[in-house]
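Student: Pasted the sequence and its predicted model underneath.
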Amino acid sequence: MIWPERADSWQYGAYAARKAFLRVIETISESESMTVLCSEGQYDNARAQLPDRVRLVVMETDDAWARDVGPTFVINGRGERRGIDWGFNAWGGDVDGLYPSWEKDNRVARKFCDLLNNDVYDKRNFICEGGSIHSDGEGTALVTEACLLSEGRNPDLTKTQIEQVLCDYMGVSKVIWLPRGIYNDETNEHVDNVCAFTAPGEVVLAWTDDETDPQYALSKASLDALEAATDAKGRRIKVHKLPLPKPVTITAEECDGLDLCDGEPTRTPGERLAASYVNFYIANEAVVMPAFGDPMDEKAQAILQELFPTRKVVAIAARDILIGGGNIHCVTQQIPKV
Ligand SMILES: NCCCCCC(N)=O
């Protein structure tokens, strides 16, 4: 994970965000070894707050989205771990990117692989974030058209060519394309916020029964795509609906705590944030899910606990991560053990 610091992502000096990050780190590091990256200026502060069991390394980044700027780890045919070093352009670059410069972020994957003494698969000529791809570990990838076909990613490639890159680098033979993600998700609707594998052939899909909610049409389109799909093993996809919280909107006070980005406010009061329980991290002995102080929190946790019977599902108050524009899956990155 990456220690949050960016003043136009994390309100009021990132203090509340750090508390949420710390709860995520404490939970995950109970069953996994963890590395946290931070700036030189935050080293003493982060070291003092992090559990001793967590490794802390100074590495300059533009923000704290380890899922998107870190390497996507794969195990190749020889059982060797490799990190895919995708191109990163702040979720859309000069078309609709979310910050004006991303050079530090674009070096994180390679630098982190150096730290692990891991070779990389260099694919920096293809823009892709880890939050925009999911894999079932058995040859099937899951993505959204809204993100991977967006103008700011790889406009010179066709859908077929994009799919081929995913097959070549992720080692998959089937890509399931969902049309859309979560309403107003500023990443161009990353798949990790709307749908995730809970097992090969099974997914959770963010869902609302409220047909007046703009999310309904988006989730229904993805449900239809999933019900028409088969995975790499020829299985039909079992879909578990994971209810969404009531719409989460940012307050004027929270907006006041954010710096401008390139002279512009990053949030406006009343803006709907892309809250979803699907944005969870699967650890060795836990599933770490976001909670929003919503009556639906408990039902979502119960659904995930039933789907992950061998892990403890831990809900962590995540509004302060959501204000940054993502959630727990977005700020984590698994490193398979070899
Ligand atoms: N403000 C930047 C938001 C980035 C969210 C990242 C993600 N994987 O959802």
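Tutor: Thanks, I have the structure now. Numbers count the residues shown, from 1 in each chain.

Student: got the contact list for the residue in the stretch 51-200 of the chain positioned nearest to the ligand?
Tutor: Nearest to the ligand, among the residues of the stretch 51-200 of the chain, is residue 131, at 2.6 Å (C-beta to the nearest ligand atom). Using the backbone N, CA and C atoms, a C-beta is placed for each residue, glycine as well. Applying C-beta atoms under 8 Å, 6 or more residues apart in numbering to residue 131 gives the contacts 65, 67-68, 187, 190-193, 326, 329-330.

Student: Show me the residues you listed that map onto helices.
Tutor: Cross-referencing these against helices under DSSP state H gives 67-68.

Student: Those residues of the stretch 1-150 of the chain touching the ligand, which are they?
Tutor: With C-beta under 6 Å from any ligand atom as the criterion, the stretch 1-150 of the chain meets the ligand at residues 9, 65, 67-68, 98, 129, 131.

Student: ok, back up a step: how about the contacts of residue 131, which pair is most distant?
Tutor: Using C-beta to C-beta, the contacts of residue 131 span at most 15.0 Å, a distance reached by 65 and 191.

Student: When those two are compared, which one has more neighbours?
Tutor: Between residue 65 and residue 191, counting by other C-beta atoms under 10 Å, residue 65 is the more crowded of the two (31 against 27).

Student: got a list of what that one touches?
Tutor: 2, 105, 129, 131, 326, 330-331.

Student: Give me the phi and psi for it.
Tutor: Backbone geometry at residue 65, expressed as degrees, to the nearest 10, gives phi -100, psi 80.

Student: Now do the helices in the stretch 1-150 of the chain.
Tutor: 15-28, 43-49, 66-69, 93-96, 103-115, 145-148 (DSSP state H, counting those that start in this stretch).

Student: Restricting to C-alpha, output the third one in CSV.
Tutor: Which is helix 66-69. Extracted C-alpha coordinates of helix 66-69, given in CSV (Å, rounded to 0.1, in the frame of the first residue of the first chain):
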residue,chain,number,x,y,z
ALA,A,66,-1.3,0.9,-5.2
ARG,A,67,-3.7,-1.1,-7.3
ASP,A,68,-3.3,1.1,-10.3
VAL,A,69,0.3,2.2,-10.2
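
Student: Run through the neighbouring helices and strands of it.
Tutor: helix 103-115 (3 or more C-beta pairs under 8 Å, 6 or more residues apart in numbering; DSSP states H and E).

Student: For the helix it packs on, buried residues please.
Tutor: Burial within helix 103-115, assessed by neighbour count using 16 or more other C-beta atoms under 10 Å, is assigned to 105-113.

Student: Reformat the residues you listed as TSV; add pLDDT.
Tutor: Supplementary listing: those in TSV, determined by pLDDT from 0 to 100:
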residue	pLDDT
105	98
106	98
107	98
108	98
109	98
110	98
111	98
112	98
113	98
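
Student: if we can go back for a sec, now, of the helices of the stretch 1-150 of the chain, which is deepest in the fold?
Tutor: Counting by mean count of other C-beta atoms under 10 Å, helix 66-69 has the highest mean neighbour count of the helices of the stretch 1-150 of the chain, with a mean of 25.

Student: what distance separates it from the centre of its chain?
Tutor: With C-alpha atoms, centre = their mean, to the nearest Å as the basis, helix 66-69 stands 7 Å off its chain's centre.

Student: now do stretch 329-338
Tutor: Centre-to-centre, stretch 329-338 and its host chain are 10 Å apart (C-alpha atoms, centre = their mean).

Student: In the stretch 151-300 of the chain, what residue spans correspond to strands?
Tutor: In the stretch 151-300 of the chain, the segments counted as strands under DSSP state E, counting those that start in this stretch are 174-178, 195-199, 202-207, 238-243, 248-249, 260-261, 264-265, 272-273, 281-282, 286-291.
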